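Participant: Pasting the sequence and the predicted coordinates here, then a few questions.
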Amino acid sequence: MLKKLSGKTGRFCSTAVLAIGFGLVGCTSAPQASNSTPESPSATQTQASPSANLPKVVATTGVICDITKEIAQSSIDTTCLIKPGEDPHAYQTKPEDRKAIETANLILYAGYDHEPSIIKLIKSSNNSAPKIAVHELAVPKPLMGEHEHGEEKAEDKPHAAGEKVPDPHVWHNAQNGIRMVETIRDELIKVAPTNAQLYTTNAAKLTNDLAKIDTWIKAQIATIPADKRKLVTTHDALSYYADAYGLEVAGALQGVTTEEQPTAARIAELSSQIKTAGVPTIFVETTTNPKLMETVAREANVKISDKELYSDELGGPGTGADTYEGMLTTNTCAITTGLGGNCTLFAGQATPTSKP
């Protein structure tokens, strides 16, 4: 079930950081004296493009990309494929994605069919670099969920009604996030062993932060009245969160993917479930169509939270959810207050300056 393939991500760094933090075989050191003159035009060109000699690492999702950057900092040249607010389930690859994958030294992707279009491209690549299914390596025994609650298009991969498939949304449990950090750290060390100490140190700090967030989340959810700890979202993306932090998934309009459209019968069924369960508030997600849940809310006579959840991708600047840690804390406060609890901001947590 585990999939370990080949690839790489990276990002730009300054010449100073490159000279101090990363030495690749075949690279020449830049002169230290400020009054030194380049020996030749070619030497000047090399220094003008410091990322040229860095390992190229491709990360498919925002969460994987953010973790990778936190660990590697400027020691790699990172390319992040899926941008904030984009839906990995529905993402369609672009020509530049293929180019990045074909030239990468390491490819980090989610797996468990989270980003199907990109996974297909990765598997068809001729690049022999490592291709790492981060979610599958970090969480080899995933939760299982229904693929869909609606109707798939005829050209989509067929799934039997009610078929159980691995739930790819593993990172919503901060403990799983720690395992992802360890997986990414280990793969980066294999690609750039000279930076092993940097990666180990940064991964340890991130692991410590996530452990604190894990404890903090439990404390926030505990403020929700016990009979209100019921979660209803657009698609079944928060089962790991609910399982880890003591919530009941009372329903979702779609299964673990957003590839299919829910039927009118499914909307009516969910509305009935909400009424029966006495759910106080339901949640829309940033990567899905809010009109679907608005219909459910009207039929169930229940309110929709004014804070959307970041279920599949990070938010943009100013949302408070533009990092993995920020996604966890922002979602937690939205869920806690939406269900009648009181959220105390996590130490250093940013207050959103824009919707949601």
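Facilitator: Cool, the structure landed.
Participant: Contacts only, for the residue positioned nearest the centre of the chain.
Facilitator: By CA atoms, centre = their mean, the mean C-alpha position of the chain lies nearest to residue 63, the distance being 2.8 Å. Going by CB atoms under 8 Å, 6 or more residues apart in numbering, residue 63 touches 171, 177, 180, 313-314, 324, 327. Every C-beta, even on glycine, is put in place using the N, C-alpha and C of the backbone.
Participant: how near is it to residue 92?
Facilitator: 20 Å (CB to CB, to the nearest Å).
Participant: same check, this time on residue 244
Facilitator: In terms of CB to CB, residue 244 sits 32 Å off from residue 92.
Participant: Comparing these two, which shows the higher neighbour count?
Facilitator: Counting neighbours by other CB atoms under 10 Å for residue 244 and for residue 92 shows that residue 244 has the greater number, 18 against 8.
Participant: what's the closest non-adjacent residue to the more buried one?
Facilitator: The shortest distance from residue 244 to any non-neighbouring residue, by CB to CB, 6 or more residues apart in numbering, is to residue 173 (4.1 Å).
Participant: Could you do residue 164 as well?
Facilitator: In space, residue 164 is closest to residue 144, 4.2 Å off (CB to CB, 6+ apart).
Participant: Now do the helices in the stretch 151-300 of the chain.
Facilitator: 174-191, 196-221, 239-245, 264-277, 290-300 (DSSP state H, counting those that start in this stretch).
Participant: for the third one, packing partners?
Facilitator: Based on contacts counted as 3 or more CB pairs under 8 Å, 6 or more residues apart in numbering; DSSP states H and E, the elements that helix 239-245 packs against are helix 174-191, helix 196-221, strand 248-254.
Participant: can you rerun that using 7 Å?
Facilitator: Judged by 3 or more CB pairs under 7 Å, 6 or more residues apart in numbering; DSSP states H and E, the packing partners of helix 239-245 are helix 196-221, strand 248-254.
Participant: Deepest in the core, which of the ones you listed is it.
Facilitator: Mean neighbours per residue, mean count of other CB atoms under 10 Å, is largest over those for strand 248-254, with a mean of 22.
Participant: Measure how far that one is from the centre of its chain, please.
Facilitator: With CA atoms, centre = their mean, to the nearest Å as the basis, strand 248-254 stands 21 Å off its chain's centre.
Participant: Show residues contacting that strand.
Facilitator: If you take CB atoms under 7 Å, 6 or more residues apart in numbering as the criterion, strand 248-254 is touched by 148-150, 229-236, 238-239, 242, 260, 262, 266-267, 270, 273-274, 277, 279, 292-293, 296.
Participant: between that strand and helix 264-277, how many degrees?
Facilitator: 160 degrees (axes from the mean of the first three to the mean of the last three CA atoms, to 10 degrees).
Participant: quick one: strand 248-254 to helix 290-300, angle?
Facilitator: Going by the same axes, to 10 degrees, strand 248-254 makes 120 degrees with helix 290-300.
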